[in-house]
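> okay, here's the prediction I keep looking at, along with the sequence it came from:
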Amino acid sequence: MGNCTPKPAKARAPPPPPPAAKERVILYGPEGSLDVSLVKIGLLYKNLAVEFYAASDGPVLESNGEKVSGAPARILRYADEKFAGPAVAPAAPPAGAVAIAAALQHRSMERHLERMVKWGEEMVNGGVNCRGSPKLEMKRFGRGYGQLMEMMMEHARMEERVVFPAMDRVDPELCRSANEEHAKELPMMNGIKEYLKSIFVLENGGAAHREALLNLCHRLRVLQVHCTEHFAEEERDVFPLLEEIVTEEPQSLRPAPDELVEAMEATHGHLFSFFLSGLLPHETMQYLDVLCRCQDRNRISVMLRTVEIRLEDSGGIASKSLGGLLKATQLH
């Protein structure tokens, strides 16, 4: 009849512990206020549960019966001192808001370029961290590079339309040199775009395909080095001079944040989440603080709301790492 002794049940892994409850805070202020939105975004980066109540005055933050009010920077400095998570209080901006915004755009582009290089290397090494088929992964890569290229080209056009005309009145030679650097980057970016098209038709896994991926990584590294040097030169030579111009020129001749936003429609539109995902939380807060200086309050309000929704959907971002930011926005 055989052995009828029942087999012991397989041991089951214990269920994961429930996520820790978020600390609850209350935020009061006028509905639609940019200051209130800025504070809320900072609190969401802290991974706090934010309850909002409309009020005639604000923003006012309440935590465990303790209240703090005032400018967003003051409230967020209080949040940095009281709550765990990444720093979110924006630094006091220099006189030239456009200069600090352009420098933050550099940081985002640098990090996205670094991501593309590492992504390419992963595909060369067999796609250890890649998802789906090699063809699908290549399409994702091409889409990611297309977003980055669109943002970089808009940034260059913005500088040529907004920053360089102001510079030309003071230092025409420096302005000419900066324009020449831009002229070098466009062929490099277009070359990578066209090269990606040629990779799509190659057989996956073959020697020619691997060689093409290696060449792609090399091209990306060359672009990365060139952009890093170019950005450093602008931040060393151009932006400080731009700040001086802002303090000395009449208001009508100063570059304004509105001009920056208008010159970069895609970056502040369908690429906005992509752009911000290359910034750390305190850098994002600094950039949003610059945007809040724009005259078109309705437009900025819509942009801030998209950031709120993204953070609420992702459960907040408590990590300072770019990897955490990229995962939260599902770039690829």
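Received it, and whenever you're ready, just let me know what you need.
> residue 66 and residue 26, how far apart?
Residue 66 sits 11 Å away from residue 26, going by Cβ to Cβ, to the nearest Å. In short, each C-beta sits where N, CA and C put it, glycine included.
> higher neighbour count, the two?
Each of residue 66 and residue 26 had its neighbours counted (other Cβ atoms under 10 Å), and the higher figure belongs to residue 26 (15 against 9).
> tell me the contacts of the more buried one?
50-53, 61-63 (Cβ atoms under 8 Å, 6 or more residues apart in numbering).
> again, only using 6 Å
The contact partners of residue 26, by Cβ atoms under 6 Å, 6 or more residues apart in numbering, come to 51, 62.
> one more: residue 279?
Contacts were defined as Cβ under 6 Å, 6+ apart; by that measure residue 279 touches residue 108.
> where does it sit: helix, strand or coil?
With DSSP: H, G, I helix; E, B strand; the rest coil as the basis, the three-state label of residue 279 is coil.
> just the pLDDT for it.
Note for residue 279: predicted pLDDT of 96.
> would you mind measuring from it to residue 166?
Note on residue 279: its distance to residue 166, by Cβ to Cβ, is 25 Å.
> again, but for residue 301
With the distance defined as Cβ to Cβ, residue 301 ends up 28 Å from residue 166.
> how about residue 203?
With distances defined as Cβ to Cβ, the gap from residue 203 to residue 166 amounts to 52 Å.
> with neighbour numbers in mind, choose between those two.
Comparing residue 203 with residue 166 by other Cβ under 10 Å, the one with more neighbours is residue 166, at 20 against 9.
> please identify the buried residues of the strand or helix carrying the more buried one?
For residue 166, the enclosing helix or strand under DSSP states H and E is helix 164-168. If you call a residue buried by 16 or more other Cβ atoms under 10 Å, then helix 164-168 has these buried ones: 164, 166-167.
> of those, closest to residue 292?
Minimum separation from residue 292 among these (Cβ to Cβ) is found for residue 166, which lies at 21.8 Å.
> that closest one against residue 243, yeah?
No. With contacts counted by Cβ atoms under 6 Å, residue 166 stays clear of residue 243, the gap being 10.7 Å.
> grab the nearest non-local neighbour of the residue nearest to the spatial centre of the chain.
In the chain, the C-alpha closest to the average C-alpha coordinate belongs to residue 276, at a distance of 2.1 Å (Cα atoms, centre = their mean). Residue nearest to residue 276 in three dimensions, not counting chain neighbours: residue 284, with 5.3 Å by Cβ to Cβ, 6 or more residues apart in numbering.
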